[in-house]
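J.: below: sequence and its predicted model.
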Amino acid sequence: MDARIEVPEGGVLPADGVQPGDGGEEAAEVCIVGTGFAGMGAAIRLKQAGIGPVVLLEAAGDVGGTWRDNTYPGCACDIPSHLYSFSFAPKADWTRMYPPQAEIQDYMRDVARRFGLLPHIRFHAAVTACAYDAAAALWRVRCADGRRVAARFLILGLGGLSRPALPDIPGRGSFQGRAFHSQQWDHGYDLTGKRVAVIGTGASAIQFVPRIAPQVARLHLFQRTPPWIMPRPDRPIGPWERAVYRHVPGAAWLRRASIYWWQESLAVGFTLYPGLLRRSEQKAKDHIAAQIPDPELRRKVTPDFHIGCKRVLISDDYYPALTRPTVELVTDPVREITSTGIVTADGVERAVDCIVYGTGFRATDYLAPLRVVGPDGVDLNERWRDGAEAHLGTTVAGYPNLFLMTGPNTGLGHNSIVFMIEAQLNLVMDLLCRVRDSGARTVEPRAEVQRRFNEAVQERMRRTVWMSGCRSWYLDARGRNTTLWPGFTVEYWRRTRRAVPGDYLLDAPHPVPAVAADTTAVGGRADDAGRADRSESLIY
Ligand SMILES: Cc1cc2nc3c(=O)[nH]c(=O)nc-3n(C[C@H](O)[C@H](O)[C@H](O)COP(=O)(O)OP(=O)(O)OC[C@H]3O[C@@H](n4cnc5c(N)ncnc54)[C@H](O)[C@@H]3O)c2cc1C
């Protein structure tokens, strides 16, 4: 049984005992980067399988990932609560139909404690580079403060939406007032009575705009593209209902299953039945009509692309917030930011005290700025310059013993990512156990299998609503959707339940790069040079 560290009430978890830059390299069987749902889920599954030692490296001072970082007013999950927890640690006592940020964060901390993860986590350990040392068959991982870990397997749970995106607007740095991104909400700055600009009308903005609108003196909301917004069937879950989910056998499970299939049917409907797409658009337009009396404002918030092409949002208080006399929806493009405000393309400057960037995340930069250098000395970021590709979004040819959580084409527009993470973990665990049981040292997918898989994904993607012409964060610089899974989540679950015979190589030969330590600054040790000559063999 692991020793457990108590989390202080509402505070940050205590720092671990490892000192920065003490010159040592911590050894582990598996190194996991990140302690959101992905990293924590991986660690729990490894502990349950008896695979270890496991070390988790986390840049921040607490677990939780997304739900630790996003504390903006109104932050909540858009997936019904009973679907947003691990299946092996279901939470039956959610207080609302859609879980608020703080409740999810409490759940994450509770899971970390209950499953004994805290002693394995190294907090304030921002990983800057990982390099595969082919001679030693180890991933060498380096943190910004000099801490190092050497591990046989590397699992990256960096999160698709953990790096904020700031817009490339001329003059952004010249603004003299207060400015912050929604993910780094400045709770010490009182917005009361201030003139505030909000740039962006995505998932975060539609949650915090209704909260801050009554508080500020003036709110200018700068919109590039309006999102489709459906009603949000949220309500509190009372003590009686909670008691039923907690105590009646199967009640929470039934609720979870019914929500899962409902969310899944939305994807089926949008993809297969154009009639449903039209009906949903009409429902969203009715939502606008019911909440916005002004025809001009209605026109401005009505999207000109198909519903589902970008993530469909849910809100009951966003449109009413826009009707407040102190709120202005600005649709003229932003031309520049000055020291005092924001200038639009028509030359009008709006003076503000504060700018809040609701501009989302760098979703298609899967790894950067983290460098992940394979045995041939090539950084995976460089290999992915023309688009990220992995096999089943999890393993990459040429990068042995590397597992990407929520990697390319594993994202969802309609269902809980926790389901996908758990499906991915089935594959990771299957591969790890097979390596262990076969006595091999490495595993990676066959390049040809990976290529065929990605061609098939992109082919299917062409027929989806996501490729129907809108501009969205789902698309990379080349306009390819390397973010979302193009089918039903149940299909992904089926395909990741077990590794397919012949798809993976055990002990693929890799050249030992002459200057491994130089290319990565992660260090290196050539204690088994003969290893590079081992010939490839199939996993089965
Ligand atoms: C505002 C918001 C709302 C969302 N709503 C939903 C929703 O309704 N439904 C849904 O399914 N999903 C939603 N998501 C997506 C959400 O990110 C996922 O559901 C889930 O939390 C992802 O978990 P993760 O572990 O993959 O990533 P994260 O939770 O992002 O965790 C990644 C962790 O890795 C750490 N990390 C990153 N880089 C490094 C590094 N170099 N070194 C060390 N540590 C590092 C980060 O600090 C972080 O703790 C939302 C996201 C946001 C931002």
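T.: That came in fine, so what should we check first? Residues are numbered from 1 along each chain as shown.
J.: mind checking the SS state of the closest residue to Thr410 other than its chain neighbours?
T.: Take Thr410 and drop its neighbours on the chain: the residue closest to it by C-beta to C-beta, 6 or more residues apart in numbering is Gly393, 3.6 Å away. Every residue, glycine included, has its C-beta placed from N, CA and C. Following DSSP: H, G, I helix; E, B strand; the rest coil, the label given to Gly393 is coil.
J.: so, low pLDDT: which residues of the stretch 401-540 of the chain?
T.: The stretch 401-540 of the chain contains residues with pLDDT under 70 at 465-474, 511-540.
J.: how about the residues of it by the ligand?
T.: Residues of the stretch 401-540 of the chain lying close to the ligand by C-beta under 6 Å from any ligand atom are Met405, Thr406, Ser416, Ile417.
J.: who wins on neighbours among these?
T.: Highest neighbour count within these, by other C-beta atoms under 10 Å: Met405, with 28 neighbours.
J.: what residues are up against that one?
T.: Residues near Met405 by C-beta atoms under 8 Å, 6 or more residues apart in numbering: Gly34, Ala38, Gly39, Gly41, Ala42, Ile155, Leu156, Gly157, Leu158, Thr394, Ile421, Gln424.
J.: next SSE after whichever strand or helix holds the fourth one?
T.: Going back to what we said before, that points to Gly41. Element membership of Gly41, judged by DSSP states H and E, is helix 37-49. Following helix 37-49 in sequence order, the next helix or strand is strand 54-57 (DSSP H and E).
J.: I'd like the mean pLDDT over that following strand, please.
T.: Averaging pLDDT along strand 54-57 gives 98.
J.: buried residues, it. List them.
T.: Neighbour-count burial for strand 54-57, counted by 16 or more other C-beta atoms under 10 Å, picks out Val54, Val55, Leu56, Leu57.
J.: the last one and Thr128 touch, don't they?
T.: No. Leu57 sits out of contact with Thr128 when judged by C-beta atoms under 8 Å, with a separation of 10.6 Å.
J.: now the common contact residues for the two.
T.: What both Leu57 and Thr128 touch, as defined by C-beta under 8 Å, 6+ apart, is the set Cys143.
J.: near the ligand, which residues of the stretch 201-350 of the chain?
T.: Ala203, Ser204.
J.: any idea of the pLDDT on the residue in the stretch 201-350 of the chain that the ligand sits nearest to?
T.: Here the residue of the stretch 201-350 of the chain nearest the ligand is Ser204; by C-beta to the nearest ligand atom that distance is 5.1 Å. We have a pLDDT of 97 for Ser204.
J.: for Trp253, same thing?
T.: 89.
J.: in the stretch 401-540 of the chain, which residue sits nearest the ligand?
T.: Ile417 (3.7 Å).
J.: which residue sits closest to that residue, ignoring its sequence neighbours?
T.: Thr406 (6.5 Å).
J.: please apply the same query to Thr340.
T.: Closest to Thr340 by C-beta to C-beta, 6+ apart is Ala351, at 5.1 Å.
J.: what bridges to that neighbour?
T.: Beta-bridge partners recorded for Ala351 (DSSP bridges): Gly341.
J.: equivalent analysis for the one 10 residues further on, please.
T.: Beta bridges link Phe361 to Pro164, judged by DSSP bridges.
J.: name the residues of the helix holding Gly41 that are buried.
T.: Phe37, Ala38, Gly39, Met40, Gly41, Ala42, Ala43, Ile44, Arg45, Leu46, Lys47.
J.: can you give me the strands in the stretch 301-450 of the chain?
T.: 313-314, 327-330, 334-337, 341-344, 349-351, 354-357, 371-373, 402-404, 443-445 (DSSP state E, counting those that start in this stretch).
J.: okay, those strands in CSV with mean neighbour count next?
T.: Formatted as CSV, the strands of the stretch 301-450 of the chain follow (neighbours: other C-beta atoms under 10 Å):
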stretch, mean neighbour count
strand 313-314, 20
strand 327-330, 18
strand 334-337, 19
strand 341-344, 20
strand 349-351, 15
strand 354-357, 23
strand 371-373, 25
strand 402-404, 26
strand 443-445, 25
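J.: need the ones you listed in a markdown table with distance to Pro486, can you?
T.: Below are these laid out as a markdown table (distance: least, C-beta to C-beta, whole Å):
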| stretch | distance to Pro486 |
| --- | --- |
| strand 313-314 | 21 |
| strand 327-330 | 34 |
| strand 334-337 | 33 |
| strand 341-344 | 37 |
| strand 349-351 | 41 |
| strand 354-357 | 30 |
| strand 371-373 | 25 |
| strand 402-404 | 18 |
| strand 443-445 | 19 |
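J.: which among those strands is found nearest to Phe115?
T.: Proximity to Phe115 (C-beta to C-beta) singles out strand 402-404 among the strands of the stretch 301-450 of the chain, at 19.2 Å.
J.: and that closest one, what does it pack onto?
T.: Packing partners of strand 402-404 (3 or more C-beta pairs under 8 Å, 6 or more residues apart in numbering; DSSP states H and E): strand 148-156.
J.: one step back: so the residue of the stretch 201-350 of the chain closest to the ligand sits against Thr71, correct?
T.: No. At 11.2 Å, Ser204 does not count as touching Thr71 under the criterion of C-beta under 8 Å.
J.: returning to that earlier point: against Met40, how distant is the residue nearest to Ile417?
T.: 13 Å (C-beta to C-beta, to the nearest Å).
J.: what sits in contact with each of these two?
T.: Gly157.
J.: what residues does the stretch 51-200 of the chain put near the ligand?
T.: 57-60, 65-66, 70, 75, 77-79, 126-127, 157-159, 161-162.
J.: quick one: which of the residues you listed sit in helices?
T.: If you go by DSSP state H, those have Thr66 in helices.
J.: for burial, what's the neighbour tally of the closest residue in space to Pro486 that isn't next to it in sequence?
T.: Distances taken as C-beta to C-beta, 6+ apart place Arg460 nearest to Pro486, at 4.2 Å, with adjacent residues excluded. Arg460 is flanked by 14 other residues according to other C-beta under 10 Å.
J.: pretty sure Arg460 sits in a helix.
T.: Yes. Counting by three-state DSSP, Arg460 is part of a helix.
J.: so it is in contact with Gly487, correct?
T.: Yes. Taking contacts as C-beta under 8 Å, Arg460 lies within contact range of Gly487: 6.7 Å.
J.: which SS state does Glu29 fall under?
T.: Applying three-state DSSP: Glu29 is strand.
J.: wait, it touches Pro53, no?
T.: Yes. Using C-beta under 8 Å, Glu29 is in contact with Pro53, at 5.7 Å.
J.: helices of this protein, start to end?
T.: Along the chain, the stretches classed as helices by DSSP H are 37-49, 66-69, 101-114, 203-212, 239-247, 251-272, 274-291, 295-301, 318-322, 380-383, 417-438, 447-461, 489-496, 516-520.
J.: quick one: these as a markdown table, columns for distance to Ala144 too.
T.: Below are those laid out as a markdown table (distance: least, C-beta to C-beta, whole Å):
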| stretch | distance to Ala144 |
| --- | --- |
| helix 37-49 | 18 |
| helix 66-69 | 18 |
| helix 101-114 | 23 |
| helix 203-212 | 27 |
| helix 239-247 | 43 |
| helix 251-272 | 38 |
| helix 274-291 | 44 |
| helix 295-301 | 42 |
| helix 318-322 | 38 |
| helix 380-383 | 17 |
| helix 417-438 | 26 |
| helix 447-461 | 31 |
| helix 489-496 | 33 |
| helix 516-520 | 14 |
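J.: of those helices, which is nearest Val334?
T.: helix 203-212 (14.2 Å).
J.: could you give the mean pLDDT of stretch 346-360?
T.: Here the average pLDDT along stretch 346-360 is 97.
J.: okay, how far is it across it, tip to tip?
T.: 25 Å (C-alpha to C-alpha, to the nearest Å).
J.: now it, how far from the centre of its chain.
T.: On the basis of C-alpha atoms, centre = their mean, to the nearest Å, stretch 346-360 sits 27 Å off its chain's mean C-alpha point.
J.: with stretch 318-331 instead?
T.: 30 Å.
J.: now that stretch: buried residues?
T.: Tyr318, Tyr319, Ala321, Leu322, Val327, Leu329, Val330.
J.: also stretch 433-449?
T.: For stretch 433-449, by 16+ other C-beta under 10 Å, it's Arg434, Val435, Ala440, Arg441, Thr442, Val443, Glu444, Pro445, Arg446, Val449.
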